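Undergrad: Turn this into a structure:
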Amino acid sequence: MSIKFVVGYDGSSASEAAIAFAIKQAKLCDASLVVAHVLEWSPYSFLTKQEVEERHRRRKEELSRAEESVMKPLIAKYQKDFDQIEGVIRYGNIVEVLMSITKDVGASQIFVARTGKSSFTDRVFGSVAGSLAAHADVPVTIIP
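TA: You can find the predicted model right below:
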C-alpha cells in the first residue's frame, strides 16, 4: 500500500508553506500528495427548481474556473521538483471535505496551515486546523 498525504490549500502563503513541508515529509517516506482546495458552498433551503438549476450551473463554472486558475498552475509549480502530487477541488464545509478526501484516497496524514484565509466566524467558532486536529481520524500536522 502506498503512503498518501492530504494537504489543505486555500491560496494563502501559509498553505503554500504547508505544501512545501508536506513535500519534504513525503520525500522521506516515498509518499504521494493530494492537494485539496475546498470551495465553501452555503446550503440554501427553500429554493425553487429554477434557483437550484442556476446554483448548480454556477457551481460547475466555479469548479472549472478554480481548476484552471488555481489548481493546474499550483500542481505544475510543484511537479518540477516532486512528481507524486495531484490536486482535487471540491465544494462544501472545509473540515468535512478534507476528512472525506482523506478517507477517499486512503491518506494517512493531513497537513494544514495554522493560519490562512479564515473569516471572523472561524476565529469565533474555531479554525479549520483546530477542528481537523480535534475530529480527524488520522494525524494532523499544523504548519505555523
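Undergrad: ok, Met99 - how many residues close by?
TA: Neighbourhood size, Met99 [other C-beta atoms under 10 Å]: 21. Glycine gets a C-beta too; all of them are placed from N, C-alpha and C.
Undergrad: pretty sure Val38 is in a helix, no?
TA: No - judged by DSSP: H, G, I helix; E, B strand; the rest coil, Val38 forms no part of a helix; its state is strand.
Undergrad: how many other residues sit next to it?
TA: 23.
Undergrad: just checking, it touches Ser100?
TA: No - between Val38 and Ser100 there is no contact under C-beta atoms under 8 Å: 9.8 Å.
Undergrad: ok, now how distant is the residue sitting nearest the centre point of the chain from Glu51?
TA: For the chain, Ala36 is the residue whose C-alpha lies nearest the centre (C-alpha atoms, centre = their mean; 2.8 Å). Separation of Ala36 from Glu51 (C-beta to C-beta, to the nearest Å): 28 Å.
Undergrad: After the helix or strand of the chain with the lowest mean pLDDT, which helix or strand is next?
TA: Lowest mean confidence among the helices and strands of the chain (mean pLDDT, DSSP states H and E): helix 120-125, at a mean of 44. Using DSSP states H and E, the helix or strand that follows helix 120-125 towards the C-terminus is helix 128-135.
Undergrad: Only alpha carbons, please: show that following helix as PDB.
TA: Output in PDB follows, covering the C-alpha atoms of helix 128-135 (Å, rounded to 0.1, in the frame of the first residue of the first chain):
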ATOM      1  CA  VAL A 128     -10.100  24.700  10.200                       C
ATOM      2  CA  ALA A 129      -6.800  23.500  11.700                       C
ATOM      3  CA  GLY A 130      -8.200  23.200  15.200                       C
ATOM      4  CA  SER A 131     -11.300  21.400  14.000                       C
ATOM      5  CA  LEU A 132      -9.300  19.000  12.000                       C
ATOM      6  CA  ALA A 133      -7.000  18.300  14.900                       C
ATOM      7  CA  ALA A 134     -10.000  17.600  17.100                       C
ATOM      8  CA  HIS A 135     -12.000  15.500  14.700                       C
END
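Undergrad: Fine by me, we can end here.
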